[in-house]
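Chemist: curious how this folds, go ahead:
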Amino acid sequence: MPLAALSRGDGGSPMNRRTFLVGSASLGAASVVSRRTLAADPLPPTSQLYVREHDPVAYMENGVWRRGSPTFGHRDGYNFQYFATVANREKFVNEKNRQWAVEQPATLAFGGADIVERYPEGVRRNVVRPLIAGNSAVTQWYNGAIYRFVSLENRAKFARAIEEAKRTGDPMIYGLPVGEYCLGAMKADNITPGNPNHRLFLVGVGIDAVFGSERGPLVWVDMTPDEQYIGYVLALQNYHRRVYRPGERDIARG
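Modeler: Numbering: from 1, shown residues only. Here you go, the predicted structure:
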């Protein structure tokens, strides 16, 4: 089916024009492009996802582009689709043969969510808040990727953390392990983008990590602290072998 461009408002309110594509529920064609672009070897230092913020199920059923939430996001390859409700996400996933209208994606780190809002004390503290989508007008370039934030204050905190890491040589406090790729996959020397919904604080390391699916945290939570640490170090070794950046360092124990 040919791709068709559409321009819609969001709930009838004024907004900039957006381009949307008619595609399948699996977004398979876009996944092929994504893998070629984002899963090259050597790897980009930060895992990035093609993020679509507006709920295609809400549009198809109600004729309104409703902004979704990353909390209800669905990852398919390197594509990350927001939904307004769990029910809409399940409908999208289950009706794979249906044609859906989807927007042009933005290529973003951390699924387009605000990492400072998620980890108010940094990734080395087990304090985690709900995922909140960042604002497209409040962004910061870091480690080869674009991050979004809900506020200028959060962006300023992120920028200060970057400068502090440069000054001290310590890891950046909002820097997730292995560049936000799935920790379990990287341990096995495989490449899977991390999904910010699937995370676990590794008590054996003292750091939070993201995984590609809900199974990852379930596997790692059953490990002993020593097993977590060994798996983490193996993942770091594979990551640094694939992403070579002279002068940068990552400390295994937080």
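Chemist: which stretches of the stretch 101-250 of the chain have low pLDDT?
Modeler: Counting by pLDDT under 70, the low-confidence segments of the stretch 101-250 of the chain come to 244-250.
Chemist: could I get the full set of helices for it?
Modeler: Listed in chain order, the helices of the stretch 101-250 of the chain (DSSP state H, counting those that start in this stretch) span 115-118, 152-168, 183-187, 215-221, 225-242.
Chemist: turn those helices into JSON lines, columns for mean neighbour count and distance to Arg124.
Modeler: Bear in mind the C-beta positions are built from the backbone N, C-alpha and C, glycine included. Below are these laid out as JSON lines (neighbours: other CB atoms under 10 Å; distance: least, CB to CB, whole Å):
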{"stretch": "helix 115-118", "mean neighbour count": "22", "distance to Arg124": "13"}
{"stretch": "helix 152-168", "mean neighbour count": "14", "distance to Arg124": "12"}
{"stretch": "helix 183-187", "mean neighbour count": "25", "distance to Arg124": "15"}
{"stretch": "helix 215-221", "mean neighbour count": "16", "distance to Arg124": "17"}
{"stretch": "helix 225-242", "mean neighbour count": "17", "distance to Arg124": "13"}
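Chemist: need these in JSON lines with distance to Ala87, can you?
Modeler: Formatted as JSON lines, the helices of the stretch 101-250 of the chain follow (distance: least, CB to CB, whole Å):
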{"stretch": "helix 115-118", "distance to Ala87": "24"}
{"stretch": "helix 152-168", "distance to Ala87": "30"}
{"stretch": "helix 183-187", "distance to Ala87": "29"}
{"stretch": "helix 215-221", "distance to Ala87": "23"}
{"stretch": "helix 225-242", "distance to Ala87": "35"}
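Chemist: nearest to Leu43, out of the ones you listed?
Modeler: When the helices of the stretch 101-250 of the chain are compared by CB to CB, helix 225-242 sits nearest Leu43, at 4.6 Å.
Chemist: what does that closest one contact?
Modeler: 41-43, 177-179, 181, 183-184, 186-187, 189, 191, 202-205, 207, 209, 220, 223, 250, 252-253 (CB atoms under 8 Å, 6 or more residues apart in numbering).
Chemist: and stretch 167-183, end to end?
Modeler: Taking CA to CA, to the nearest Å, the first and last residues of stretch 167-183 lie 27 Å apart.
Chemist: no wait, stretch 165-174
Modeler: 10 Å.
Chemist: that stretch: how far from the chain's middle?
Modeler: Relative to the mean C-alpha coordinate of its chain, stretch 165-174 is positioned 21 Å out (CA atoms, centre = their mean, to the nearest Å).
Chemist: what about Tyr50, neighbour count?
Modeler: When neighbours are defined as other CB atoms under 10 Å, Tyr50 has 25 of them.
Chemist: beta partners of it?
Modeler: Taking DSSP bridges as the rule, Tyr50 bridges to Asn79, Thr107.
Chemist: that one touches Asp76, doesn't it?
Modeler: No - contact criterion CB atoms under 8 Å: Tyr50 and Asp76 do not qualify, at 9.6 Å.
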